[in-house]
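> output the structure for:
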Amino acid sequence: MNKHHTINSDALFRRNIFALVVAAAVLAALCFLSIAIGTRDVSWQEIVGALQGKMDTMGEASVTMRIPRTVLAVLAGSALGLSGAIMQSVTRNPLADPGILGVNIGAAFFVVIGLAWFGIDQLNSYIWLAILGAGSTALFVYLISSLGRGKSTPLKYALAGAATSVALSSFTMAVILPRNDIAGGAQSWQIGGVGGATFDSIQLILPFLLVGYFMSAIVARKLNVLALGEDIAAGLGEKVVWTRSMAWLSAVVLCGATTAICGPIGFVGLVIPHLCRLLVGVDNRWLLVFSALGGASLLLIADVLGRIISRPSELSVGVVTAFVGAPFFIWIVRRQRVKEL
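Numbers count the residues shown, from 1 in each chain. So this is what the prediction gives:
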């Protein structure tokens, strides 16, 4: 029996390693497409020249501008995919997602309040405001979904998050509309996108994302124990409250920092963990890694499609991910077993 189990485990490990290599190769190919495709057609020589640091032609200049945009799409997509996987694992809720639960909108609301009412215009301050807003919203939605008869269910959680998102979106618009000096930029940022990325802005959010990645790596195995049930996890010596708090904090830091620079981008954290769960199962040690790679790939695809669909202008990634994610959300809700993972 043990020998048979070991053989199955080895086969599963080899399969996951192969899938990991394929996922990394796909991500690398998408990075190249993100650099090569845009509103301006560029030649292979111009791509190579831009990667070597040259800016002698318009094509090389265009490619040079796409490089930080590609890097930001990878970082933001991986952060959103990872935070969605963590939220679904902690709550055992298939509908959990930073967008659906209102966490991204809460982060955006705090940033807009800081901009409009307190004159805060520094990105490093936006990051702290976004993390505070994301954490406050996550706590508020959890408390609301726990009210009434019975415990919090996935559907109650999603409804509380949707209601909170609508309310915060309305409050945000009420703050922005009277301010003509910030209305245009704030409304464009609220759609969600990676255009206009610079390495300076990426350097500001990178420490926060690295902290989020590190914390998620710490709790990956602990989330597997937590999935057995709180009583069993506590009986095995697991600190349930600490694990939940650490997991939630990592998710909040990841999606808060991402929202600060990209605006609220929805559905990445919903779609990707479900697809990765079909590929590698429920083991969070694998699931979190694949969710990060998958989120980065999805955001790159959305960004490239946005450039192609509406040439010579661009369609923001937030719009493209909404087109993909909304039908997926409806499909999940209509499934019979929607109570828990």
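> now stretch 258-269: buried residues?
Of the residues in stretch 258-269, Thr258, Thr259, Ala260, Ile261, Cys262, Gly263, Pro264, Ile265, Gly266, Phe267, Val268, Gly269 count as buried by neighbour count, 16 or more other Cβ atoms under 10 Å. For every residue, glycine as well, the C-beta is placed using N, CA and C.
> now render those residues as CSV, adding pLDDT, distance to Trp248 and secondary structure.
Below are these laid out as CSV (pLDDT from 0 to 100; distance: Cβ to Cβ, whole Å; DSSP: H, G, I helix; E, B strand; the rest coil):
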residue, pLDDT, distance to Trp248, secondary structure
Thr258, 96, 16, helix
Thr259, 95, 16, helix
Ala260, 93, 18, helix
Ile261, 93, 21, helix
Cys262, 94, 21, helix
Gly263, 91, 22, coil
Pro264, 91, 19, coil
Ile265, 93, 20, coil
Gly266, 88, 19, coil
Phe267, 90, 20, coil
Val268, 94, 18, helix
Gly269, 93, 14, helix
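> using JSON lines, please lay out those together with distance to Val42.
As requested, the buried residues of stretch 258-269 are arranged in JSON lines below (distance: Cβ to Cβ, whole Å):
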{"residue": "Thr258", "distance to Val42": "28"}
{"residue": "Thr259", "distance to Val42": "31"}
{"residue": "Ala260", "distance to Val42": "31"}
{"residue": "Ile261", "distance to Val42": "26"}
{"residue": "Cys262", "distance to Val42": "24"}
{"residue": "Gly263", "distance to Val42": "27"}
{"residue": "Pro264", "distance to Val42": "31"}
{"residue": "Ile265", "distance to Val42": "26"}
{"residue": "Gly266", "distance to Val42": "31"}
{"residue": "Phe267", "distance to Val42": "30"}
{"residue": "Val268", "distance to Val42": "27"}
{"residue": "Gly269", "distance to Val42": "32"}
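> just the closest of these to Ile86, please.
Set against Ile86, the nearest of the buried residues of stretch 258-269 by Cβ to Cβ is Gly269 (8.8 Å).
> which ones are touching the closest one?
Contacts for Gly269 (Cβ atoms under 8 Å, 6 or more residues apart in numbering) come out as Leu80, Gly81, Ser83, Gly84, Ala85, Met87, Ala96, Asp97, Pro98, Gly99, Cys255, Gly295.
> now stretch 208-218, how far from the chain's geometric center?
Remark: stretch 208-218 is offset 13 Å from the chain centroid, using Cα atoms, centre = their mean, to the nearest Å.
> buried stuff in it?
Phe208, Leu209, Gly212, Tyr213, Met215, Ser216.
> what helix or strand does the residue nearest to the spatial centre of the chain sit in?
Centroid-nearest residue in the chain: Leu80, 1.0 Å away (criterion: Cα atoms, centre = their mean). Under the criterion of DSSP states H and E, Leu80 resides in helix 58-91.
> only the buried residues of that helix, if you could.
Residues of helix 58-91 classed as buried by neighbour count (16+ other Cβ under 10 Å): 59-91.
> before we move on, what about stretch 40-54?
Arg40, Val42, Glu46, Ile47, Gly49, Ala50.
> next: stretch 277-295.
Quick answer for stretch 277-295 (16+ other Cβ under 10 Å): 277, 279-280, 283-284, 286-295.
> of the buried residues of stretch 208-218, closest to Ser313?
Of all the buried residues of stretch 208-218, Ser313 sits closest to Leu209, with 29.3 Å by Cβ to Cβ.
> mind checking which of the buried residues of stretch 40-54 are in strands?
Taking DSSP state E, every one of these sits outside strands.
> for Leu51, report the pLDDT, please.
pLDDT recorded at Leu51 is 85.
> and it, how far from Glu60?
To Glu60, Leu51 is 9 Å away according to Cβ to Cβ, to the nearest Å.
> just Ala292 next, same as before
Distance from Ala292 to Glu60, by Cβ to Cβ: 31 Å.
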